[in-house]
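S.K.: sequence below, structure please.
(2 chains)
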Amino acid sequence: MSKIDPLALAGAKSKGKRPYFLDTDVERLTNIVLVLAQELAVVRERTDTLERLLEQSGVLTRQEIETFTPTKQQADERGAWTQEYLARVFRVLQQEREALQTQEASSEEVADELAKV
Amino acid sequence: MSSLVSDKPKADPARPYDGPPDYRVVGQHGMYPQLSHDEISRFNFLAQMNRHLSTQIMPGVKEAFDARVEPKFMAANGRGFKDRHEVRKALLKDPIFQWWSALRRATMETRQQAGRWVTLRQADQLNAKAKALTEHDQRLKLNPDLPLPRYVEAIDHHCMPGSYHTELTEGDVTGPCNYDIGIFATTGGMLGRYNDGGGQAIAAWVKEALPDLKPKRILDIGAGLGHNVVPIAQAFPEAEVVAIDVGAPMLRYGLARAKTMGVDNISFVQGDVSDLSDLADESFDMIHSCMFLHETSYASMPKIFAETHRLLKPGGIVFHVEQPQYTPEMPFFEQAMRDWDAFYNNEPFWTKMHEVDLDSWMVSAGFERDKLIHGGVAAVVDPDVFPQAAQDTKQEDYGRKAAWHVVGAVK
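M.R.: Predicted structure coming up:
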């Protein structure tokens, strides 16, 4: 049985000090975004394979996909999914907005307060 | 008034496509790992990403250099650039260079992770396969006591974790396997089905330049996993070929890979090419290196040249394939761009190697100046499937283009 753990080792650092070209936080985020872009392309290609295979086996035609019009019910369900999705993605901005409405103590302050005898 | 929104899509617009082929055209030799649909898609994305960077973003670096980097430098200093390092340091302050560089580095690191995932998840199977193919085979000659040259030990070349030499477990070949399967992504598919466009080009060049050469013994120094020496061994099937490298995993994988491709005239020998005292004087008709010298050092280069001189038979040929040297005719901007891999892709000696006069070094090693050879080769690939490097005028990738210079000598 192998002791090699791909999860730990696939992303190992190469020896040598890493150069940064941008603000380091921006560059870290850029690296994360690049991989998300890669994974989107991976999913897109998989969907494309799926469509072509379905078409090949006569299940549907890609023309049907292009001209698909959801019913009112289907469109509502999809719209609801998209709203939920965006709410998840932009949670941090929602919370920024909520924070504007209140004056709140930090946990450090609360801890100190709760430690008062 | 016609509606802009048609409910019937038009036929696929016939946008002419020129770019990397699908990864599945890559040749599946017997040491190839299993790749899932998603793993292949990652390499497709990365090949396209590199292609996008070199064709769509990198030209902007030159535009920014002309429009603002150079004028700003001249205004501030009252003079032009005096060397490539000044150019590079000025470029480092420009947003287009910064973003191109950040994305290029990120793409390389992402490519390493993508390939390592493939090979590490099936490490046991790959290592067992290599063992079965190489165990007791006299053509694999390893030397576990060989000290690692500083130029290999100091840094992992081209951001390849573990470089050429690291073994994660006994008999490990996952490193070279990762290197092999990802070359497609790094070059945007420019090196052909078996990453052998360079070796094929060399073989074709030798046959044209020296039609009478019928080498009996060929030496490849710094052979790596042998992707360049395999086509040479195929081109000279009667020859006995020796491929030398310091990295045991590369050699182990190299022999296994070559065997599954039906190539049986190569021995893979672990050695430091600055001291090949195990090999007899004047025992080779042809010695070459392919994209190797830039990964060595000033201390080892004269020894390498001297060893090649000693090992060559009279009338034999030695040559080294590299990207072009930084001659005074090459603009500082181009030199600075070519230095990118040196400073930002873990190829530190690249910048130093490319500034020396290789002819003089060869002469100092004993070769006669009037017997030096210079040439140029471009990757030979199946043009129906792969973009052709030589004709690809859109992709000047400053150091990564699949077209090279040859410097060598006849003894």
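
S.K.: near chain B, which residues of chain A are found?
M.R.: Proximity of chain A to chain B, by CB under 8 Å from any CB of the partner chain, involves residues A:1-6, A:9-16, A:18-22, A:27, A:30-31, A:34-35, A:37-38, A:41-42, A:45-46, A:49, A:63, A:66-67, A:69. C-beta: built from backbone N, CA, C; applies to glycine.

S.K.: where does chain A have its least confident helix or strand?
M.R.: When the helices and strands of chain A are compared on mean pLDDT, DSSP states H and E, helix A:91-100 comes out lowest with a mean of 87.

S.K.: touching whichever helix or strand comes after that one from outside, list them.
M.R.: Per DSSP states H and E, the first helix or strand lying C-terminal to helix A:91-100 is helix A:107-114. The set of residues that contact helix A:107-114 without belonging to it, under CB atoms under 8 Å, 6 or more residues apart in numbering or on different chains, is A:Ala105.

S.K.: the closest residue to B:Asp281 other than its chain neighbours: how many residues sit nearby?
M.R.: Spatially, and ignoring its direct neighbours in sequence, B:Asp281 is nearest to B:Arg310 (5.5 Å; CB to CB, 6 or more residues apart in numbering or on different chains). For B:Arg310, the neighbour count with other CB atoms under 10 Å in any protein chain shown is 18.

S.K.: now do A:Leu60
M.R.: For A:Leu60, the neighbour count with other CB under 10 Å is 12.

S.K.: shouldn't it be within a helix?
M.R.: No: the assignment for A:Leu60, made by DSSP: H, G, I helix; E, B strand; the rest coil, is coil rather than a helix.

S.K.: one step back: make sure the residue nearest to B:Asp281 is indeed in a helix.
M.R.: Yes: read with three-state DSSP, B:Arg310 is one of the residues of a helix.

S.K.: give me the pLDDT for it.
M.R.: Among the per-residue scores, B:Arg310 holds a pLDDT of 97.

S.K.: same check, this time on B:Val25
M.R.: At B:Val25 the predicted local distance difference test score is 88.

S.K.: wait, it sits on B:Arg193?
M.R.: Yes: taking contact to mean CB atoms under 8 Å, the distance of 6.4 Å between B:Val25 and B:Arg193 places them in contact.

S.K.: list the buried ones in the top helix by length along chain A?
M.R.: For chain A, the helix reaching the highest residue count under DSSP state H is reported as helix A:24-56. By neighbour count on 16 or more other CB atoms under 10 Å in any protein chain shown, the buried set for helix A:24-56 is A:27, A:30-31, A:34-35, A:38, A:41-42, A:45, A:51.

S.K.: what about B:Val25 and B:Arg193, which has more around it?
M.R.: A direct count of neighbours by other CB under 10 Å for B:Val25 and B:Arg193 places B:Arg193 higher, at 18 against 15.

S.K.: buried sites along stretch B:121-134?
M.R.: By neighbour count on 16+ other CB under 10 Å, the buried set for stretch B:121-134 is B:121-123, B:126-127, B:129-130, B:133-134.

S.K.: actually stretch B:35-45, not the one I wrote
M.R.: For stretch B:35-45, the buried set under the neighbour-count rule, 16+ other CB under 10 Å, comprises B:35, B:39-45.

S.K.: list, out of those, those positioned next to chain A.
M.R.: Of the residues in those, proximity to chain A by CB under 8 Å from any CB holds for B:41-42, B:44-45.

S.K.: got a list of what B:Asp38 touches?
M.R.: By CB under 8 Å, 6+ apart, the residues touching B:Asp38 are A:42, A:46.

S.K.: quick check, it in a helix?
M.R.: Yes: B:Asp38: assigned to a helix according to three-state DSSP.

S.K.: quick one, grab the pLDDT at it.
M.R.: The predicted local confidence for B:Asp38 is 96.

S.K.: hang on, the earlier thing: can you lay out the buried residues of helix A:24-56 as a markdown table showing pLDDT?
M.R.: Written out in a markdown table, the entries for these read as follows (pLDDT from 0 to 100):
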| residue | pLDDT |
| --- | --- |
| A:Glu27 | 97 |
| A:Thr30 | 97 |
| A:Asn31 | 97 |
| A:Leu34 | 97 |
| A:Val35 | 97 |
| A:Gln38 | 97 |
| A:Ala41 | 97 |
| A:Val42 | 97 |
| A:Glu45 | 97 |
| A:Glu51 | 96 |
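
S.K.: neighbours around the residue in the stretch 201-350 of chain B that chain A sits nearest to, how many?
M.R.: Scanning the stretch 201-350 of chain B for proximity to chain A using CB to the nearest CB identifies B:Asn346 as nearest, at 4.8 Å. Taking other CB under 10 Å as the criterion, the count of residues near B:Asn346 is 25.

S.K.: one more: the one 5 residues further on?
M.R.: B:Thr351 has 21 neighbours, counted by other CB under 10 Å.

S.K.: so what's the residue count around the residue lying closest to it once chain neighbours are set aside?
M.R.: Spatially, and ignoring its direct neighbours in sequence, B:Thr351 is nearest to B:Ala342 (3.9 Å; CB to CB, 6+ apart). Residues contacting B:Ala342 under the criterion other CB under 10 Å number 19.

S.K.: sticking with B:Ala342, tell me its helix or strand.
M.R.: Taking DSSP H and E as the criterion, the element that holds B:Ala342 is helix B:340-344.

S.K.: returning to that earlier point: so which elements touch the least confident helix or strand of chain A?
M.R.: Counting by 3 or more CB pairs under 8 Å, 6 or more residues apart in numbering or on different chains; DSSP states H and E, no packing neighbours are recorded for helix A:91-100 among the helices and strands.

S.K.: may I have that helix exported as CSV, CA atoms only?
M.R.: Presented in CSV, the C-alpha positions along helix A:91-100 are these (Å, rounded to 0.1, in the frame of the first residue of the first chain):
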residue,chain,number,x,y,z
ARG,A,91,-22.7,36.6,1.8
VAL,A,92,-19.8,38.8,2.9
LEU,A,93,-21.3,41.9,1.3
GLN,A,94,-24.7,41.2,2.8
GLN,A,95,-23.1,41.1,6.2
GLU,A,96,-21.1,44.3,5.6
ARG,A,97,-24.4,46.0,4.9
GLU,A,98,-26.0,44.5,8.1
ALA,A,99,-23.0,45.7,10.1
LEU,A,100,-23.7,49.3,9.0
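
S.K.: what comes up buried for that helix?
M.R.: Under the neighbour-count criterion of 16+ other CB under 10 Å, helix A:91-100 has nothing buried.

S.K.: likewise for stretch B:53-66?
M.R.: The neighbour-count check on stretch B:53-66 (16+ other CB under 10 Å) flags B:53-55, B:58, B:60-62, B:64-65 as buried.
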